[in-house]
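[1] whatever this is, show me its structure:
(one chain, ligands or ions: 1)
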Amino acid sequence: MAKPDVFVCGRFTLALDRPLIMGVVNITPDSFSDGGDFLDAGRAIAHAQRLVEEGADILDLGGESSRPGSAPVALDEERRRVLPVLEQAAQLGVPVSVDTTKPELMRDAIACGAAMINDITALRTPGAIDAIVDSGAGVCLMHMQGEPGTMQHSPVYHDVVAEVSDFLHERARCLLDEGVSASRIVLDPGFGFGKNHQHNLDLLHALPRIGSERFAVLVGLSRKSQLGRITGRSDAKSRLGSSIAAALAAINNGASIVRVHDVAETRDAILVWQVLQIDKT
Ligand code: HH2
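    Residues are numbered from 1 along each chain as shown. Model prediction:
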């Protein structure tokens, strides 16, 4: 199926003729795979710089963990974590995304140089759409059933692909109606956000339907527990091999952007996989 040609975020226009890598910088004490590693601003900035050197096309800064069971973070604390890092990261030459659900932080982040907002609640907080609409920033709209505190308890769908896809397209419609162009919007089915293993598999197979021809699709499977369930690895940092396999599967199924913790290894895997693919037709 045809895909959009470009993703426009802030002053950047990213060609989608190759898969893009979004490198994750978690400025949190409690993220599921690297909580505490980059809570210090200096370490977070050094990590951001390293990810860009390793080939990240986009950086995603987050100051609030959304792992299953995580507790919400107050606005002031999230600001305190994210903004000093953003100020420096915005100088690194790649678009910087801020992963937040709070409209106040969205506005501050865009004023501070963020080129993209990544919202796991798809801009459902009142004021979130207004915060981004006239900014030119790119937006990732993600699907989540329930809330991080309880979302994995017993997710239920009648038809997971139809429900996720309809939800994302409705949210995108709200932005289009406000004059946001489709090239600024990417859609994400939200792997592990209120989904069991079968839901995740069904969604992975249905990525072209989720994006349709209009929107690029972003996939975040890196280090997630559903990969650990397949390999039997409970330590999130030991999921590098499975994360690379998942990123390649996502790209093969139509994802334009993969959100990953391990940029260098993912980049190399994508490059080699693309060169070595044997045309079986
Ligand atoms: N996953 C996480 C956080 N934000 N955003 C999008 N668009 N898609 C995702 O799949 C996604 C996301 C969870 O990963 P991480 O940020 O590493 O962990 P934590 O939420 O514990 O900080």
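
[2] which helix runs longest in this structure?
    helix 160-177 (DSSP state H).

[3] which residues touch residue 34?
    Residues counted as contacts of residue 34 (CB atoms under 8 Å, 6 or more residues apart in numbering) are 26, 236, 237, 261. Just so you know, the C-beta spots here come from the backbone N, C-alpha and C atoms, and that holds for glycine as well.

[4] now swap in residue 18 and tell me
    residue 274.

[5] how much space separates the residue nearest to residue 77 when sequence neighbours are not counted from the ligand?
    Once flanking residues are discounted, residue 77 sits nearest to residue 63: 7.5 Å by CB to CB, 6 or more residues apart in numbering. Noted for residue 63: a distance of 9 Å to the ligand, by CB to the nearest ligand atom, to the nearest Å.

[6] residue 63 against residue 82, yeah?
    Yes - in this structure, residue 63 is within contact of residue 82 by CB atoms under 8 Å, at 4.1 Å.

[7] now list whatever residues contact both of the two.
    27, 100, 105.

[8] export those residues to TSV and tack on neighbour count and distance to the ligand?
    TSV is the format used below for the shared contacts of residue 63 and residue 82 (neighbours: other CB atoms under 10 Å; distance: CB to the nearest ligand atom, whole Å):
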residue	neighbour count	distance to the ligand
27	28	9
100	29	10
105	26	14
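
[9] out of those residues, which sit inside strands?
    Taking DSSP state E, every one of the shared contacts of residue 63 and residue 82 sits outside strands.

[10] out of these, list just those in helices.
    Per DSSP H, the shared contacts of residue 63 and residue 82 map to helices at residue 105.

[11] how about stretch 110-119, which residues are buried there?
    Applying a neighbour-count criterion of 16 or more other CB atoms under 10 Å, one finds 110, 112, 113, 114, 115, 116, 117, 118, 119 buried in stretch 110-119.

[12] do stretch 14-28 as well
    14, 16, 19, 20, 21, 22, 23, 24, 25, 26, 27, 28.

[13] and that stretch, end to end?
    28 Å (CA to CA, to the nearest Å).

[14] show the average pLDDT along it.
    The pLDDT scores in stretch 14-28 average 97.
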